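Asker: fold the following for me, if possible:
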Amino acid sequence: MAISKKIKTLNELIKIVDKLKKQNKKIITTNGVFDILHLGHVKYLEGAKKLGDVLIAGVNTDKSVKANKGDKRPINDEKSRIGVLAGLESVDYVFLFDEKNPMVWLEKIKPDVHVKAGDYRLSQIIEKGAVEKSGGKIVIAKAEKGHSTTGLISRIIKIYGNQ
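Answerer: Numbers count the residues shown, from 1 in each chain. Presented below is the predicted three-dimensional model:
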């Protein structure tokens, strides 16, 4: 599917998910900033896709990234970040969300599974209640050690910071 066809609004996705559920498709969601895409992200998304039929990635808008991570982030703007994710084979749909956390849209999409990165513990996942309320479950993906956006930024600064 073409990149542009994978990028949707939340309202478009709610309608798509409704149709897919009527076809007994298993809906998987995940969310994140996905700022500087790296191997850890790619493996994480491939693993998430294997848990069902359709993988939907919610991506924080620039505004919500700043609220969560500070004024220096994101490095890549929201259009770039969703475009890169939409280009991945494992991602079926991608959309932007402006809230600080994904609770609002999870209650609307009602995924069968919501996947979180391996650097979280179940007790830290605030979405747990919203997902389980509609019969879904939380899966914590195995962490891909040595791959993080923060680590990449630090490495870039270390190598190129004095230029």
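
Asker: quick check: what element follows whichever strand or helix holds residue 17 along the chain?
Answerer: Assigned by DSSP states H and E, residue 17 belongs to helix 10-22. Elements were assigned by DSSP H and E; along the chain past helix 10-22, the next helix or strand is strand 27-32.

Asker: and that next one, what does it pack against?
Answerer: helix 10-22, helix 39-49, strand 54-60, helix 103-109, strand 113-116 (3 or more CB pairs under 8 Å, 6 or more residues apart in numbering; DSSP states H and E). Placement of C-beta: from N, CA and C, glycine included.

Asker: one step back: helices and strands around the helix holding residue 17, which ones?
Answerer: By 3+ CB pairs under 8 Å, 6+ apart, helix 10-22 packs against strand 27-32, strand 54-60, strand 93-97, helix 103-109.

Asker: quick check: nearest residue in space to the residue nearest to the spatial centre of the chain, chain neighbours excluded?
Answerer: What sits nearest the mean C-alpha location of the chain, by CA atoms, centre = their mean, is residue 31, with 2.5 Å. Residue nearest to residue 31 in three dimensions, not counting chain neighbours: residue 58, with 3.9 Å by CB to CB, 6 or more residues apart in numbering.

Asker: okay if I get the helices and strands packed on strand 27-32 as a markdown table plus distance to residue 125, mean neighbour count and mean pLDDT?
Answerer: Shown next, in a markdown table, are those (distance: least, CB to CB, whole Å; neighbours: other CB atoms under 10 Å; pLDDT from 0 to 100):
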| stretch | distance to residue 125 | mean neighbour count | mean pLDDT |
| --- | --- | --- | --- |
| helix 10-22 | 21 | 14 | 98 |
| helix 39-49 | 15 | 19 | 93 |
| strand 54-60 | 14 | 24 | 97 |
| helix 103-109 | 11 | 18 | 95 |
| strand 113-116 | 6 | 23 | 96 |
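
Asker: can I get the ones you listed in TSV with distance to residue 134?
Answerer: Below are those laid out as TSV (distance: least, CB to CB, whole Å):
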stretch	distance to residue 134
helix 10-22	11
helix 39-49	18
strand 54-60	14
helix 103-109	7
strand 113-116	10
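
Asker: closest to residue 151 out of the ones you listed?
Answerer: With respect to residue 151, and counting by CB to CB, the nearest of these is helix 39-49 at 9.3 Å.

Asker: could I get the CA-only coordinates of that closest one as CSV?
Answerer: What follows is helix 39-49, C-alpha atoms only, in CSV (Å, rounded to 0.1, in the frame of the first residue of the first chain):
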residue,chain,number,x,y,z
LEU,A,39,16.7,-0.9,14.1
GLY,A,40,15.1,-1.1,17.6
HIS,A,41,12.0,0.6,16.2
VAL,A,42,11.9,-1.6,13.1
LYS,A,43,12.2,-4.9,15.0
TYR,A,44,9.7,-3.7,17.6
LEU,A,45,7.1,-2.9,14.9
GLU,A,46,7.7,-6.2,13.1
GLY,A,47,7.2,-8.1,16.3
ALA,A,48,4.0,-6.1,17.0
LYS,A,49,2.6,-6.9,13.6
